[in-house]
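Peer 1: what follows is a predicted protein model with its sequence.
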Amino acid sequence: MLDLDQSVLNQLISKLSKGPVKPETEAEKSCFQVLKDLDPIAAQVNGSMTSKKYMHNKIWSLIAHRGTPVWYITISPADVRHPISIYWADTKEKFEPVVLKYNERLNMICKNPAASACFFHFLLRFLLDRC
């Protein structure tokens, strides 16, 4: 590590920021070798790119071994934020969307859970009919 040329490292950083790079000179090859040697150590650091790469490889190995996973999707629309849900929760006849404060919207939805269910049904029907 002490033998690496600092200017070559800086050049590689600027090149790598623009896209993939193949090492051309011996100094660049030695810099890439150090990165390759540090890869197993970086894999132990949670959240690092190397640990993500290792997890990605594990996932693909599991898929190859056990088959594709079964995915479950949970749809949870924000009924407290949507004007249609607030309209159904309110008792007014005419639809005039007024932006209420969060606490007012929350109280209105909590007092009328059927409106929340209607909104969920409406939103799902809308999405499924478009697919």
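Peer 2: Received, thanks.
Peer 1: now the lowest-mean-pLDDT helix or strand in the chain: buried residues?
Peer 2: Least confident helix or strand of the chain, by mean pLDDT, DSSP states H and E, is helix 83-89 with a mean of 75. Buried positions in helix 83-89, judged by neighbour count with 16 or more other Cβ atoms under 10 Å: I84, S85, I86, Y87, W88, A89. Yep, even glycine has a C-beta here, placed from its N, CA and C like the rest.
Peer 1: quick one: the helices in this structure?
Peer 2: Counting by DSSP state H, the chain has helices at residues 6-18, 26-42, 49-66, 83-89, 102-111, 113-130.
Peer 1: just so I know, which of these lies nearest P77?
Peer 2: Closest approach to P77 among the helices of the chain (Cβ to Cβ): helix 113-130, 5.1 Å.
Peer 1: which residues sit against the closest one?
Peer 2: Under the contact criterion Cβ atoms under 8 Å, 6 or more residues apart in numbering, helix 113-130 has outside partners I75, P77, D79, H82, I84, S85, W88, A89, I109.
Peer 1: okay, the last one: pLDDT?
Peer 2: Each residue has a pLDDT score; the one for I109 is 86.
Peer 1: same thing with the one 10 residues further on?
Peer 2: The per-residue pLDDT reported for F119 equals 86.
Peer 1: re earlier: rebuild the buried residues of helix 83-89 as CSV, extending it with distance to E26.
Peer 2: Below are these laid out as CSV (distance: Cβ to Cβ, whole Å):
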residue, distance to E26
I84, 66
S85, 66
I86, 68
Y87, 71
W88, 71
A89, 71
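Peer 1: and which of those is nearest D37?
Peer 2: Looking across the buried residues of helix 83-89 and measuring by Cβ to Cβ, the closest to D37 is S85, at 56.3 Å.
Peer 1: the closest one touches D79, doesn't it?
Peer 2: Yes. The pair formed by S85 and D79 meets the contact definition of Cβ atoms under 8 Å, at 4.1 Å.
Peer 1: which neighbours do those two share?
Peer 2: By Cβ under 8 Å, 6+ apart, the residues touching both S85 and D79 are I109, A115, S116, F119.
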